[in-house]
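J.: with the input below, show me the fold.
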Amino acid sequence: MYKVATILAVVAAPAFSAGLEIDVEGEANGTIVIDLFEETAPLHTAQISAIADAGSYNGVVFHRVIDGFMAQTGDVQNGVIGGDLSRAGTGGSEFADIPAEFSDIPFERGVVGMARAQNPNSANSQFFIMFEPGYFLNGQYTVVGQVTEGMELVDQIKRGTGANGAVIGKPDMMAAVRVTE
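T.: This is a model prediction of the structure:
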């Protein structure tokens, strides 16, 4: 019941954010600026903003990074630096999962999309940034934004290994995430 009440509170918020500033630490160091697409994905951008406002993204690692594809982060439950990262990528937030908000925006370089399980309505807190176009994702994942500054920093994020892109050793992390107006 708490999750339902929480998501209703997030959706009922009077104003959405305009974007995120993400301070990255690790092999990549600097700030990534993301423009959030509130009109395209209002439920997703509201939830991301609420999680960022609460400080829950601070210290969360980039747990899945596939060269030539994308860098994934946002597991506020199992992906926090200093914790057991063996389950990073399997958790979410205290908020309920979000219904899909698919659009016709293509997955180009720098596009930010919501990660999810097989169920299209299972996105929660995890998101990914595209290194290269991934048109096979079009219409199957929710687009929530676009990197407007710092794409060269995204390119420096520590890569994972193997087909699933799991990062071995110490992954790069979102040291601080701020909502911008």
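
J.: list the buried residues of the top helix by length along the chain.
T.: Scanning the chain for the helix with the most residues, using DSSP state H, yields helix 42-53. For helix 42-53, the neighbour count (16 or more other C-beta atoms under 10 Å) marks 43-52 as buried. Where C-beta positions appear, they are placed from N, C-alpha and C, glycine not excepted.

J.: would a markdown table of these with distance to R159 and pLDDT be doable?
T.: Output for the buried residues of helix 42-53, formatted as a markdown table (distance: C-beta to C-beta, whole Å; pLDDT from 0 to 100):
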| residue | distance to R159 | pLDDT |
| --- | --- | --- |
| L43 | 31 | 97 |
| H44 | 26 | 98 |
| T45 | 28 | 97 |
| A46 | 31 | 97 |
| Q47 | 28 | 97 |
| I48 | 24 | 97 |
| S49 | 28 | 97 |
| A50 | 30 | 97 |
| I51 | 25 | 98 |
| A52 | 25 | 97 |
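
J.: what sits closest to the one residue sitting closest to the centre of the chain if chain neighbours are left out?
T.: Most central in the chain under C-alpha atoms, centre = their mean is F127, positioned 2.3 Å from the mean C-alpha point. In this structure, F127 finds its nearest non-sequential neighbour in G74, 4.9 Å apart by C-beta to C-beta, 6 or more residues apart in numbering.

J.: okay, now that neighbour: neighbour count?
T.: Neighbour count of G74, defined by other C-beta atoms under 10 Å: 29.

J.: kindly report the same for G150.
T.: 21.

J.: ok, now I66?
T.: 20.

J.: list the beta-bridge partners for it.
T.: Beta bridges link I66 to M70 when assigned by DSSP bridges.

J.: could you measure from it over to T90?
T.: Relative to T90, I66 is positioned 17 Å away (C-beta to C-beta, to the nearest Å).

J.: and of the buried residues of helix 42-53, the nearest to M174?
T.: Ranked by distance to M174 (C-beta to C-beta), the buried residues of helix 42-53 are led by A52 at 9.3 Å.

J.: now T161: closest residue in space that isn't a chain neighbour?
T.: I168 (5.8 Å).

J.: and the one you found, that one's in a strand?
T.: No: counting by DSSP: H, G, I helix; E, B strand; the rest coil, I168 is not part of a strand but coil.

J.: surely it is in contact with G160?
T.: Yes: using C-beta atoms under 8 Å, I168 makes contact with G160 at a distance of 7.2 Å.

J.: going on from the least confident helix or strand in the chain by mean pLDDT, what's the next piece of helix or strand?
T.: When each helix and strand of the chain is scored by mean pLDDT, DSSP states H and E, helix 2-11 comes last, with a mean of 43. For helix 2-11, the following helix or strand on the C-terminal side (DSSP states H and E) is strand 19-25.
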